[in-house]
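>>> need a 3D model of the sequence below.
(chains A and B)
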2 protein chains.
Amino acid sequence: MRALIILSAIFLCFTNNLSAQDMDKEKDAIIIKSIFDESLSNGTCYERLRSLCKDVGPRLSGSPGADKAVDWAVEQMEAMGFDKVYKQACMVPVWERGDKESCVIKSKYAKKEEPLNVCALGYSHATPKGGITAEVVKVNGIEEVKAMKAGALKGKIVFYNRPMDERMIETFDAYGGCVDQRSRGAIEAELKGAVGSIVRSMGLRNDDYPHTGTMAYGTEPMATIPAVAVSTKGADDLEAWLERDPELEIELKVNSRNLPDKESFNVIGEITGSEYPDRFIVVSGHLDSWDLAEGAHDDGAGVVHSLEVVQLFKQLDIRPKHTIRVVLFMNEENGTRGARKYAEEVKEKGEYHLVAIESDSGGFVPRGFCVEGTGILPMRMLTQISKWEELLEPYNLHRFKEDYSGVDIHLLKDQNFPLVGFYPDPQRYFDIHHTELDVFESVNKRELELGAASIASFVYLSDKYGILAPVKKMIPNNRKASDL
Amino acid sequence: MRALIILSAIFLCFTNNLSAQDMDKEKDAIIIKSIFDESLSNGTCYERLRSLCKDVGPRLSGSPGADKAVDWAVEQMEAMGFDKVYKQACMVPVWERGDKESCVIKSKYAKKEEPLNVCALGYSHATPKGGITAEVVKVNGIEEVKAMKAGALKGKIVFYNRPMDERMIETFDAYGGCVDQRSRGAIEAELKGAVGSIVRSMGLRNDDYPHTGTMAYGTEPMATIPAVAVSTKGADDLEAWLERDPELEIELKVNSRNLPDKESFNVIGEITGSEYPDRFIVVSGHLDSWDLAEGAHDDGAGVVHSLEVVQLFKQLDIRPKHTIRVVLFMNEENGTRGARKYAEEVKEKGEYHLVAIESDSGGFVPRGFCVEGTGILPMRMLTQISKWEELLEPYNLHRFKEDYSGVDIHLLKDQNFPLVGFYPDPQRYFDIHHTELDVFESVNKRELELGAASIASFVYLSDKYGILAPVKKMIPNNRKASDL
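Purely as a prediction, here's the structure:
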């Protein structure tokens, strides 16, 4: 009894010295620890990802796989007990790869035809049945082609060989530094008379896996020439062959086709907020993937991260004040039609978004979050997040910067909502991005679970404190208080 | 000309506003960027690791592989143009695994014998030719066995089944929380009469790869009973079988042997400091590995990280003021005889170490550094490092904490040197640690290169500024200045 009294006295002394905010910090620390503990020991995201990858598989917009993914997402949300589950219709492009592409080098110096490992880019048109055969013009980027005279590439196949800059720590910046060759290369080459386009894969490794990807977005003009990506090894081989024989020819066969647009869906689920049911915290990823693999990192990880936020809240009985809305976008990869539709409807309905969060950088070990927004929003977000750093640091979450948030939620930017991109470690992403290697087995269970817990913790703090640090009204220097 | 004058004027205005320290920061930033650029675009550590893994391979102390590794290391250092290359002799234990171990469950409920995937622990004695067969007693940790009465395990095989705590963010702490079952489990069980020991592998995944490891260090008493690790899947299977049939028996065959100690070597190379040739910055890893694989992460990564510091300095013509001493320790895995020898000689010769750095946590993406030392050394190191944070942050180096530095350099602690452990991301380490999966292919090139550049940058800053923030002499509160 005596010991109990002493203990109580010590406890009272201790708690009396704590401010309300400190007490909250202590509670927050306990809740965030429980989120991480739960994700690492009773998490469901890894098995859910297995199901998406193995039961659904590849799910390019407009394909039967994408239809299956929509059904899968609705089933998952219903089984998890979301308060509201619905589909949001949008028209998506339909592109089919057809039989596997082929590409061979024909040189007078080669004993036989030298094969290159290629894959068609999304939206690419087919070659004629027998393929096309033409000489190759190597360029080091799209600007070189833009500067050419009309007809300069007449009858040629252009070979874009600008590599990603391996010295960049931010691999997404290295990607951004040359992806225009893929997205706009064919159209620019066609304007100069080219009959085909080959682009060096957007990858940092030297390997033999070609990386597909889209050639155009939505309303942009489309190339009518066939366009493929060649593996980084293949690009180096082709470069070496061109050194030896500048007159060599390439034979390229592509069997793809573009079909009319088709209806598909974003899948949306909500947990209704207890205090502010009409204010939304969006947590999102995209449901579609490229056709070459299971889209495990891109963006199966984002899909299961988003669902797991709700799963963890349910398992831990965390009841958010705001409505948590999980949005699984359709058609991020080749058109962002789902995200456009979503942004339109938000505008029409005037739906208030406290914050929109996206996970579309893979299921790798978490590092932090990127913030994006108009005007001083990013600064106010970073000020707010800086108050949470102590809470997030034990989980190795250190990196909070103004940067691009994500392709889908970016379309909400002009509605002045605060946008947040989950930032996992980016070093391995472009080893697998848009290749046949992006399968379930390439995802590490713990890394995925840590990502889910990081996003759930961020949602917990945003729900409790808001994501924007308050701004004091200030008197401009050149005016007196009485003027205001 | 006019433009040049204006530019010069702008430059002068700019530089006049910078303090000497800012100027240095600017220069430091340029040099650190050049170190990362060089590592990522012209680095040699990945190919050097390939050579260590493929040309040398497994290299357990006392094995022909270890001899080969010593020769390899000397050759590498000589080819790289170190100023001084030498071997430091030490006696190492010799343990041979022999033919592959086997383990089967024999239960009256099983239609046939159920195999478990096991591997002998380092120093384990063999079973008799025909193996041993005995009932199994499952325990949840070493304390349970310590608390048993004498003879409580008579004739039994003990099964240590305490798992690593998957909720811990720091996986090395999770490892530390149950590795005593592996290192001390057999001896404790033998004291209670057990005839064999099976330990759940120190891994965080559920898979079928057993993790080997040492059972005793140096002068500790050794068990004479056979001891194996079972895969995590095997441990779960065995647990389930024991639920069904508590009287089941295990048949265990181990074919290892302990041989007399043998001479081996640390391999040491130096680049002589231009100003302080007798003050050393040690950069280290260990040359030996377990026998089941190529020791790519453990500790091939540390070996090539250490060599790459010198390689990068040479490629970039960075000339250190202090002597950079690369120490490749022998026998970290099962005895630390090399590190003991090194520490002894340092003491004998009174060699001053500015700092000792170790890389022995794998070749994963860098996060930061751990500091260790006696008294206020860690605090002074962290104060100094905090001045470098701005320089290291662009490379996602954020984590600087007081923590264990490394098994080998830890033995220098009582000589009051500042110790630093390279801290790569720890999430995937225990997926491969001490298993047959620790091969070259499990290492990511960029992650390895970023590690080498991180350590090289840290060495550059330590060489330039020292690793200890200066301490002002202070007057204790209860004394007057005149008393001092």
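>>> up against chain B, what does the stretch 151-300 of chain A have?
Within the stretch 151-300 of chain A, the positions near chain B by CB under 8 Å from any CB of the partner chain are A:166-167, A:169, A:204-205. In this view, the C-beta of every residue, glycine as well, is placed from N, C-alpha and C.
>>> in helices, which of the residues you listed appear?
Among these, no member falls in helices (DSSP state H).
>>> so where's the stretch 351-484 of chain A shaky on pLDDT?
Applying pLDDT under 70 to the stretch 351-484 of chain A flags the ranges A:472-484.
>>> where along it do the strands fall?
Under the criterion DSSP state E, counting those that start in this stretch, the stretch 351-484 of chain A contains strands at A:352-358, A:366-372, A:399-402, A:419-424.
>>> mind listing what the third one pairs with, with the direction of each?
For strand A:399-402, the paired strands and their directions (DSSP bridges) are strand A:366-372 (parallel).
>>> the strand it pairs with versus strand A:352-358: what angle between them?
Going by axes from the mean of the first three to the mean of the last three CA atoms, to 10 degrees, strand A:366-372 is angled at 140 degrees with respect to strand A:352-358.
>>> all helices for the stretch 101-250 of chain A, in order.
A:142-146, A:171-176, A:180-183, A:185-191, A:232-244 (DSSP state H, counting those that start in this stretch).
>>> helices or strands up against the last one?
Okay, so that is helix A:232-244. Counting contacts by 3 or more CB pairs under 8 Å, 6 or more residues apart in numbering or on different chains; DSSP states H and E, helix A:232-244 is packed against strand A:102-106, strand A:132-139, strand A:157-160, strand A:196-200.
>>> so which of those is the most surrounded?
The highest mean neighbour count among the helices and strands packed on helix A:232-244 belongs to strand A:196-200 (a mean of 29), with neighbours defined as mean count of other CB atoms under 10 Å in any protein chain shown.
>>> now do that strand against strand A:132-139, angle only.
Angular relation of strand A:196-200 and strand A:132-139 on a 0 to 180 degree scale: 50 degrees, by the same axes, to 10 degrees.
>>> angle of strand A:196-200 against strand A:102-106?
Using the same axes, to 10 degrees, strand A:196-200 lies at 90 degrees relative to strand A:102-106.
>>> hmm, back to that, would you list the helices and strands packed on helix A:232-244 in TSV and tack on mean pLDDT?
Rendered in TSV, the data for the helices and strands packed on helix A:232-244 read as follows (pLDDT from 0 to 100):
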stretch	mean pLDDT
strand A:102-106	98
strand A:132-139	98
strand A:157-160	98
strand A:196-200	98
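>>> distance to A:K347 for the ones you listed - can I get that in TSV?
Output for these, formatted as TSV (distance: least, CB to CB, whole Å):
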stretch	distance to A:K347
strand A:102-106	45
strand A:132-139	41
strand A:157-160	37
strand A:196-200	36
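>>> A:P58: which of those strands is closest?
Taking CB to CB, strand A:102-106 is the member of the helices and strands packed on helix A:232-244 nearest to A:P58, at 20.5 Å.
>>> what's the longest helix seen in chain A packed up against?
Taking residue count as the measure and DSSP H as the definition, the longest helix of chain A comes out as helix A:20-42. In terms of contacts (3+ CB pairs under 8 Å, 6+ apart), helix A:20-42 is packed against helix A:301-316, helix A:389-392, helix A:445-465.
>>> ok, for whichever residue of the stretch 151-300 of chain A sits closest to chain B, nearest residue in space, not its chain neighbours?
Proximity of the stretch 151-300 of chain A to chain B (CB to the nearest CB) peaks at A:R167, 4.5 Å away. Of all residues beyond its chain neighbours, the one nearest A:R167 is B:D37 (4.5 Å), with distances taken as CB to CB, 6 or more residues apart in numbering or on different chains.
>>> cool, and A:R200?
Leaving out its chain neighbours, the residue that sits closest to A:R200 by CB to CB, 6+ apart is A:A235, at 4.0 Å.
>>> I'd like to know how far that neighbour sits from A:G177.
Taken as CB to CB, to the nearest Å, the spacing of A:A235 relative to A:G177 amounts to 16 Å.
>>> who's more crowded, those two?
Each of A:A235 and A:G177 had its neighbours counted (other CB atoms under 10 Å in any protein chain shown), and the higher figure belongs to A:A235 (26 against 16).
>>> what sits against that one?
Shown in contact with A:A235 (CB atoms under 8 Å, 6 or more residues apart in numbering or on different chains): A:159, A:161, A:163, A:200-201.
>>> how about those residues in JSON lines, adding distance to B:T272?
Shown next, in JSON lines, are the contacts of A:A235 (distance: CB to CB, whole Å):
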{"residue": "A:F159", "distance to B:T272": "49"}
{"residue": "A:N161", "distance to B:T272": "44"}
{"residue": "A:P163", "distance to B:T272": "38"}
{"residue": "A:R200", "distance to B:T272": "44"}
{"residue": "A:S201", "distance to B:T272": "45"}
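>>> looking at the residues you listed, spot the one nearest B:A69.
B:A69 has its nearest neighbour among the contacts of A:A235 in A:P163, at 34.9 Å by CB to CB.
>>> so what sits opposite the closest residue to the closest one other than its chain neighbours in the bridge?
The spatial neighbour of A:P163 that comes closest, neighbours along the chain excluded (CB to CB, 6+ apart), is A:R200 at 6.1 Å. Per DSSP bridges, residues listed as beta-bridge partners of A:R200: A:V230.
>>> contact partners for A:R200?
For A:R200, the set of contacting residues under the criterion of CB under 8 Å, 6+ apart consists of A:159-163, A:181, A:229-230, A:232, A:235.
>>> check A:A29 too.
With CB under 8 Å, 6+ apart as the criterion, the residues that contact A:A29 are A:L391.
>>> quick one: contacts for A:A240?
Counting by CB under 8 Å, 6+ apart, A:A240 has no contacts.
>>> return the distance of it relative to B:R399.
42 Å.
>>> how many residues are close by A:R257?
Other residues within reach of A:R257, judged by other CB under 10 Å, total 13.
>>> do the same with A:L391
The number of residues packed around A:L391, counting by other CB under 10 Å, is 18.
>>> so who does it touch?
Applying CB under 8 Å, 6+ apart, we find A:L391 in contact with A:25, A:28-29, A:32, A:457, A:461.
>>> swap the cut-off to 7 Å and go again
When contacts are counted by CB atoms under 7 Å, 6 or more residues apart in numbering or on different chains, A:L391 is found next to A:25, A:28-29, A:32.
>>> equivalent analysis for A:H211, please.
Contacts were defined as CB under 7 Å, 6+ apart; by that measure A:H211 touches A:201-203, A:229, A:433-435.
>>> from what I see, A:I409 and A:H286 are in contact.
No: using CB atoms under 7 Å, A:I409 and A:H286 do not qualify as a contacting pair, with a distance of 10.4 Å.
>>> pick out whichever of those two has more residues nearby.
Between A:I409 and A:H286, A:H286 has the larger neighbour count (other CB under 10 Å), namely 31 against 27.
>>> next, find the distance separating that one from A:V407.
Distance of A:H286 to A:V407, given as CB to CB: 8 Å.
>>> which residues do the two both contact?
For the pair A:H286 and A:V407, residues contacting each of them under the criterion CB under 7 Å, 6+ apart are A:332, A:360.
>>> enumerate the residues of the stretch 351-484 of chain A near chain B.
If contacts are counted using CB under 7 Å from any CB of the partner chain, the residues of the stretch 351-484 of chain A sitting beside chain B are A:365, A:367, A:394-396, A:398-399, A:425, A:427-428, A:444-447, A:450.
>>> closest to chain B out of those residues?
Taking CB to the nearest CB as the measure, A:H398 is the one of those closest to chain B, at 3.6 Å.
>>> so what are the sheet partners of the longest strand belonging to chain A and their directions?
Counting residues, the longest strand found in chain A (DSSP state E) is strand A:257-271. For strand A:257-271, sheet partners with direction are given as strand A:84-96 (antiparallel), strand A:322-329 (antiparallel), following DSSP bridges.
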